[in-house]
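Asker: I'll drop the sequence and a predicted model, then ask my questions.
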Amino acid sequence: MILNAQPTELIGKWILVRTLNNNNTRLDINNSDYSKKMIYQIDKNSFKINGQLFKPKFKENIINLSDKNYPEFTYTIKENYLITKEIKGHTTNYFLKIDDFIKRFPEFSLKEIDYNDRKVYLDNGISAYDFNHDLTYDFFILLNGNSNSDKRNIINPDSLPLQFEYILTVDNKIKDFKIINSENNLADNDYIERFKKASKYFKNTTDKDVLLRYTGVSITSYPELTNKDEKRLFEISAQIDRYYYKNEFINIIDLYDEFTKLKIKPNRFNKFKDDNYIRLGVSFLAQNRIDEACISFKNVGDITDFRVRNYLLDFCQK
């Protein structure tokens, strides 16, 4: 019998701990699933993966998300782990419910900080709030801007991306917007209005106000660039992409010195920089140059950054 309602045992927020091969061995280091963030938010009438809503169907222990990009998978629950496995796949995912996850990995506990003469939590990316809308948080913000203005025509291509922070109160209100880096008044106000529209979908899941931070993306395209180091960053990133998918790790390493000497402003083209550091880290691992790999991964984040977490845990814990 096919059911549309989620089995009770699945309801909750599940955090991916690790993906392994079906024989319980580690993935290849250049597998994109080696270290990644994946969150299942399963409620009575919804199933979300990293905030994206699906319409699943359940048949015994099989889940079909009704999406061609997500093959059917089986699930079991064992020793508090939710274990999922694609029916025709070769890997197995291991999840823990949010409370169990933080209990086992206390580095993800919410940190209390002083902010404007009061104690608040600093958002940890997994447990401070839920965003209850059919769209993901990022897509909602992207799609709810002022359609009457073209921000690309009003932003200096050499400017830093918009950065601001705000408070999500314990009673689910957004307040205390603080612009850290301004694009211009029109763009800033546009984003503030977007977050006001989003405010009714936030649910603070803590017992305190939470400080959240937002950084936009650099939207400058290659032809618009005027800085020679930024142009070279685009070129090196394209080269690293080509080499990486051919497993030409030595060629990637050959670009390391030039890449790390580029003078790029902080918070500008972060995705390019982080992706390059991750692929350089993997390339160093492939050559058994562990110390250099760890330096590359740590340029992206620490063990609370899911993009590099498993690399740091497996190779950089001394």
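Answerer: All right, it came through fine.

Asker: phi, psi of Lys59?
Answerer: Reported as degrees, to the nearest 10, the phi and psi values for Lys59 are phi -140, psi 110.

Asker: cool, and Pro266?
Answerer: Torsion angles, degrees, to the nearest 10, at Pro266: phi -60, psi 140.

Asker: with the one 10 residues further on instead?
Answerer: When quoted as degrees, to the nearest 10, the phi and psi of Asn276 stand at phi -60, psi -40.

Asker: any idea how far Ala238 is from it?
Answerer: 11 Å (CB to CB, to the nearest Å). Quick note: C-beta positions are derived from backbone N, CA and C, even for glycine.

Asker: Asn251 too?
Answerer: On the measure of CB to CB, Asn251 and Ala238 end up 13 Å apart.

Asker: between the two, which is the more surrounded one?
Answerer: More crowded of Asn251 and Ala238, by other CB atoms under 10 Å: Asn251, with 15 against 12.

Asker: quick check: the more buried one is in a strand.
Answerer: No: read with DSSP: H, G, I helix; E, B strand; the rest coil, Asn251 is helix and lies in no strand.

Asker: in which helix or strand would I find the closest residue to it other than its chain neighbours?
Answerer: Nearest non-adjacent residue to Asn251, counting by CB to CB, 6 or more residues apart in numbering: Tyr243, 4.5 Å away. Using DSSP states H and E, Tyr243 sits in helix 228-245.

Asker: which outside residues touch that helix?
Answerer: When contacts are defined by CB atoms under 8 Å, 6 or more residues apart in numbering, helix 228-245 is touched by residues 30, 220, 222, 225, 249, 251-252, 255, 258-259, 262-264, 268-269, 272-273, 275-276, 279-280, 282-283.

Asker: one more pass at 6 Å, please.
Answerer: For helix 228-245, contacts defined as CB atoms under 6 Å, 6 or more residues apart in numbering pick out Tyr222, Leu225, Asn251, Ile252, Leu255, Phe259, Leu262, Lys263, Ile264, Phe272, Asn276, Arg279.

Asker: pLDDT weak spots in the stretch 1-150 of the chain?
Answerer: Counting by pLDDT under 70, the stretch 1-150 of the chain contains low-confidence ranges at 1-6, 146-150.

Asker: could I get the contacts of helix 228-245 as CSV with secondary structure?
Answerer: Compiled in CSV, the contacts of helix 228-245 are given as follows (three-state DSSP):
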residue, secondary structure
Tyr222, helix
Leu225, coil
Asn251, helix
Ile252, helix
Leu255, coil
Phe259, helix
Leu262, coil
Lys263, coil
Ile264, coil
Phe272, helix
Asn276, helix
Arg279, helix
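
Asker: pLDDT check: weakest of these?
Answerer: Across the contacts of helix 228-245, the smallest pLDDT goes to Tyr222, namely 65.

Asker: so the nearest residue to Thr92 once chain neighbours are set aside bridges to which residues?
Answerer: The shortest distance from Thr92 to any non-neighbouring residue, by CB to CB, 6+ apart, is to Lys85 (4.7 Å). Beta-bridge pairing for Lys85 (DSSP bridges): Thr74, Thr92.

Asker: Lys85 contacts Tyr94, correct?
Answerer: No: shown here, Lys85 and Tyr94 do not form a contact pair, counting by CB atoms under 6 Å, at 10.1 Å.

Asker: can you name the residues that contact the residue nearest to Thr92?
Answerer: Applying CB under 6 Å, 6+ apart, the residues near Lys85 are Phe73, Thr74, Thr92.

Asker: which among those gets closest to Ile192?
Answerer: Nearest to Ile192, judged by CB to CB, of those is Phe73 at 40.3 Å.

Asker: for the closest one, the count of nearby residues, please.
Answerer: 18.

Asker: do Asp291 as well
Answerer: Asp291: 10 neighbours (other CB under 10 Å).
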